[in-house]
Structure formats: structure tokens, C-alpha cells
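Colleague: Got a predicted model here, sequence first, then my questions.
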Amino acid sequence: MLELELPAAKTNSNKGAKNPEPVRDFPVTLIQGNCMANLWQQYVKFVFEGIPGIDDDLEIRECFLVTLYFEKGSDFEQVHPAMDLTKQQLYVEKLLSSEVHTVLGDSYGYRLRYSYGLDQVEAMVNRLVTKPESKAVCANLLHPIQSLIEQSVSMQRVACMTNMQVLWRENALNLIAHFRSQNAWNSHGNFKALHIWHKNFLNQLHKSGVEAELGSIAVVINAAHIYKCDFEKAASLI
């Protein structure tokens, strides 16, 4: 795990302020490896040792600006004993299915396939086929709060995963996913789902005549957190 420290906090230089507030700089953290189970454990440990916070009146620990980098050829099959595989499957369904999930109350699959009036996955494939070097092979999953699009299918939550991007370089298909927020304890479900989605996308490329191989996955989290109900379980991983 590599932790990069940003410059020290600066002071707000607003001349009219009697008591200038310090401007907080967050450290940027990279957790890198080739085994999902190991990276998940490192991630949970790191967030659990983060700063105290509150989310909807619930106590949490949180960290900001965290990137998990799953190297090309990473093992997504090894299971950590502390992983809830039933919960993991729910997160897989949330991304792969276009049905709004009754338990999680959301569907990334719906957002990708229908919510913008077009199939974003199909559009991503077509763009990559016609322009392999493109940096615009992206999909957006975020709508304004309480948008009519989300209300029409009873999605009540702001999407935690906000966008995805695919880059085809040196014959490897690399995936980047951004999260505005992520529950680190359940994050293995997101990682497994992204891996399966990544493979499915590659298969669609193969059907279009593109010969590429599976590359890396980078997951960028703006605000990573763990809820108090999972503190004891997280502590057991340290």
C-alpha cells in the first residue's frame, strides 16, 4: 500500500475573515495488488483506522480519495473468510441486472441500459470498435437528486458508483470506475461485480471482431466508510 501525502493544509487567505479557517488537504491513497481478497482486507483495515464521522445519524469511520488498483490477471475467485457471499451476490445483480433490486433499492444495470434513453454499454462497444484509441468510452450512472428518471422506476438513492470508463491500450481492456461513496465492508461485492461486467464487456468486443484481453481495474472512491455495526468485524481483520 502506497500512501502519498499532499502538501500541508493551507489557511484561507480571505482578508475579511477574522478567524481564518484551515483548508483541509486529504491524503491520496493507493492500494494495489493482484488478489481481490487481499486488497479488500487491506482496504477495510485502512478505512477502519480512518477518522470518525456521521452518516444519516449513524457513526462511521471514513477516509477520502482512495484508489484500489487490481492489476492485470488479478485473482477475483479467492474468498476471504469474512466476506458475506450472499451480500456479494446482491451487488453483482445490482450491476448486471436492469431490474431495480428490491433489497438494495437500486440498479446500476438499469442506469447503464435504459435511463439515458440509450444503451450506454452498446454505445461504448460501438465507439471502441470504431475508435480503439478513444478516451471517451464512458458511461454515466448519476442523475440529479430526485430526478424523474429515477422516480419513474422507484430508485430512491443517489448512485454511489457515478461513472465508468474503458481504455484499450497495448491490447488490454482496462476498466476505471468512480464512486462518490462506498461502504468498504461490502465493497467486495462491487469489486466482484465489476470484474464480471469487465469480462462480459470483453466478450461483447470479441463478438464484434475485436481481439483484446482482460486488463486492469481501477476503482476510485471519493469517500470510503465503514458503519459502526461493522466495526467489530473490521477490527478482526487487523
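Modeller: Great, that's in hand.
Colleague: And the helices in this structure?
Modeller: Ranges of helices within the chain are 36-48, 85-96, 108-113, 120-130, 148-151, 187-207, 231-235, based on DSSP state H.
Colleague: so which of these comes closest to residue 168?
Modeller: Comparing the helices of the chain against residue 168 with C-beta to C-beta, the closest turns out to be helix 120-130 (5.9 Å). Backbone N, C-alpha and C define where each C-beta goes, glycine included.
Colleague: chain center to the closest one, what's the gap?
Modeller: Computed by C-alpha atoms, centre = their mean, to the nearest Å, the chain-centroid distance of helix 120-130 equals 21 Å.
Colleague: and the helices of the chain as CSV, adding mean pLDDT?
Modeller: Output for the helices of the chain, formatted as CSV (pLDDT from 0 to 100):
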stretch, mean pLDDT
helix 36-48, 98
helix 85-96, 95
helix 108-113, 91
helix 120-130, 95
helix 148-151, 68
helix 187-207, 97
helix 231-235, 97
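Colleague: So which residue is dead centre in this structure?
Modeller: residue 179 (4.2 Å; C-alpha atoms, centre = their mean).
Colleague: How much space separates it from residue 211?
Modeller: Distance of residue 179 to residue 211, given as C-beta to C-beta, to the nearest Å: 31 Å.
Colleague: swap in residue 70?
Modeller: From residue 70 to residue 211 the distance is 22 Å (C-beta to C-beta).
Colleague: out of these two, which sits in the more crowded spot?
Modeller: residue 70 (25 against 7; other C-beta atoms under 10 Å).
Colleague: from memory that one sits against residue 217, does it?
Modeller: Yes - if you go by C-beta atoms under 8 Å, residue 70 and residue 217 touch, sitting 4.3 Å apart.
Colleague: List the residues that contact residue 185.
Modeller: Each residue near residue 185 by C-beta atoms under 8 Å, 6 or more residues apart in numbering is listed here: 44, 226-227, 230, 233-234.
Colleague: try 7 Å this time
Modeller: Counting by C-beta atoms under 7 Å, 6 or more residues apart in numbering, residue 185 touches 44, 226, 230, 233-234.
Colleague: Show the pLDDT at it.
Modeller: Reading off the confidence values, residue 185 has pLDDT 98.
Colleague: cool, and residue 219?
Modeller: Per the predicted model, pLDDT is 98 at residue 219.
Colleague: Please apply the same query to residue 15.
Modeller: On the pLDDT scale, residue 15 is placed at 44.
Colleague: Now do the strand ranked longest in the chain against helix 36-48, angle only.
Modeller: Longest strand of the chain, by residue count under DSSP state E: strand 58-75. Strand 58-75 and helix 36-48 meet at an angle of 150 degrees, taking axes from the mean of the first three to the mean of the last three C-alpha atoms, to 10 degrees as the criterion.
Colleague: and strand 58-75, how far out from the chain's middle?
Modeller: Counting by C-alpha atoms, centre = their mean, strand 58-75 comes out at 8 Å from the chain centroid.
Colleague: All set, thanks.
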